[in-house]
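Student: Model the following, please.
(one chain, ligands or ions: 1)
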Amino acid sequence: MNYGEVLNNAKTIIGKKCRVCKECNGIACKGEVPGVGGKGTGLAFIRNREKINQVKLHLDTIVPEDKIDTSIELFGRTLKYPILAAPIGGLEMNYGTAQLDDFTYSQAIVGGCKDAGVIGLTADGVKDAFFQDPLKAVGENEGWGIPTIKPWKNDEILKKISQAEEKQVPAIAIDIDAAGLVILAMLGKPVTRKSVDELKEITSATKLPVILKGVMTVEGAKKALEAGAYGIVVSNHGGRVLDHTLATIEVLPQIAEAVKGKMKIFIDGGFRDGVDIFKALALGADAVLIGRPYAVAAYGGGREGVELYTQKVGQELKETMIMTGCNEIQDIGKHCVSYSF
Ligand SMILES: Cc1cc2nc3c(=O)[nH]c(=O)nc-3n(C[C@H](O)[C@H](O)[C@H](O)COP(=O)(O)O)c2cc1C
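Tutor: Numbers count the residues shown, from 1 in each chain. You can find the predicted model right below:
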């Protein structure tokens, strides 16, 4: 199988809901939630892509030739690339097919990422099975996956963290930006915003690193740090939880200035290829999550599709490092790019 075949397969399987566009930029699917688009006008998703495109690279090949190393250290392990698969839930509803359920989807994501030397995050949902099934897939892969938990009441979060601990996962995430999902309350499972103290209760109850997903301001990043988070994901949930937000790459430089080195900074929202990954690293991210393209890879090629997509992005990152005078991930910095936001 090659990546072109993965895309063609995906189109036939999920084509009604996700057009598998040449550039996944939120335009064709704007407003389609449920579906794969951004909420409302869809402009938050679209802006994520637009602002990434506004970052330009500095070409420099007058450097001594050396080996290129794309690896990073996270959770005491080495990742081949600074890439993670973002959690995607509500599969049947959003992708309009029962081809993959939460278990088989997570098997493809977690297994494919593991095969490619990176790590995948799994999702959570209104039914207990929406957390347990992905966790089973993580268990099948020696715990090499990061379960994401919704911002339920703290008691339930802590229960799910201990179930994750049993699988020996390296970290857990909480998508705190799901706090406004009224659909969950309507289905009898309310999610809430969290105070710093409530978050402290969670981070102090587990030895696992806790990643807070859905931070878009410097203030939010500082509060996450105060709450004892291991890291944040600078994220607007792919534009699906609040219309008209800034782009994630746009807020990254200020957030990095405030908390870089004090906690891990992950980012997602519109990152598609190795050049995009490079841009995020240059502006202060430690690693990048990719959402929708991983889902396309999983539908179109299962575990192998996920591995192929990761290798493609990783190879593009390597090529970008060659052309910008970088040998190691630490060499990538603001001096490598120009941007006007
Ligand atoms: C169909 C769909 C379902 C998603 N479900 C979840 C979820 O259950 N939990 C979560 O934290 N994020 C969820 N996200 C958001 C992604 O994790 C990620 O933040 C976002 O997709 C990143 O943007 P990108 O898709 O442009 O790369 C979902 C995104 C999509 C498109």
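Student: How about the contacts made by the closest residue to the ligand within the stretch 1-150 of the chain?
Tutor: Closest to the ligand within the stretch 1-150 of the chain is Gly89: 2.8 Å, counting by C-beta to the nearest ligand atom. No exception for glycine: its C-beta is placed from N, CA and C like everyone else's. Counting by C-beta atoms under 8 Å, 6 or more residues apart in numbering, Gly89 touches Asp102, Ala123, Asp124, Gly125, Phe130.
Student: Tell me the spacing between it and Glu219.
Tutor: 28 Å (C-beta to C-beta, to the nearest Å).
Student: Out of the contacts of Gly89, which are close to the ligand?
Tutor: Applying C-beta under 6 Å from any ligand atom, the subset of those adjacent to the ligand comprises Ala123.
Student: how close does the residue nearest to Ala108 when sequence neighbours are not counted sit to the ligand?
Tutor: Nearest residue to Ala108, sequence neighbours excluded (C-beta to C-beta, 6 or more residues apart in numbering): Ala298, at 4.1 Å. According to C-beta to the nearest ligand atom, to the nearest Å, Ala298 and the ligand sit 12 Å apart.
Student: Give me the mean pLDDT for the helix or strand where Ala298 lies.
Tutor: Element membership for Ala298 (DSSP states H and E) is helix 292-323. Helix 292-323 shows a mean pLDDT of 98.
Student: After the strand ranked longest in the chain, which helix or strand is next? Please name it.
Tutor: Ranked by residue count, the top strand of the chain under DSSP state E comes out as strand 210-215. Note on strand 210-215: by DSSP H and E, the next helix or strand toward the C-terminus is helix 218-226.
Student: Buried residues in that next one, which are they?
Tutor: The neighbour-count check on helix 218-226 (16 or more other C-beta atoms under 10 Å) flags Gly220, Ala221, Lys222, Lys223, Ala224, Leu225 as buried.
Student: outside of it, which residues touch it?
Tutor: Residues external to helix 218-226 that are found in contact with it (C-beta under 8 Å, 6+ apart): 196, 199-200, 212, 215, 232, 234, 251, 254-255, 257-259, 262-263, 265.
Student: One more pass at 7 Å, please.
Tutor: Defining contact as C-beta atoms under 7 Å, 6 or more residues apart in numbering, one finds that helix 218-226 is touched by Val196, Leu212, Val215, Ile232, Gln254, Ile255, Ala258, Val259, Lys262, Met263.
Student: For it, the averaged confidence score.
Tutor: For helix 218-226, the mean pLDDT works out to 98.
Student: got the angle for that helix vs strand 210-215?
Tutor: Interaxial angle of helix 218-226 relative to strand 210-215 (axes from the mean of the first three to the mean of the last three C-alpha atoms, to 10 degrees): 170 degrees.
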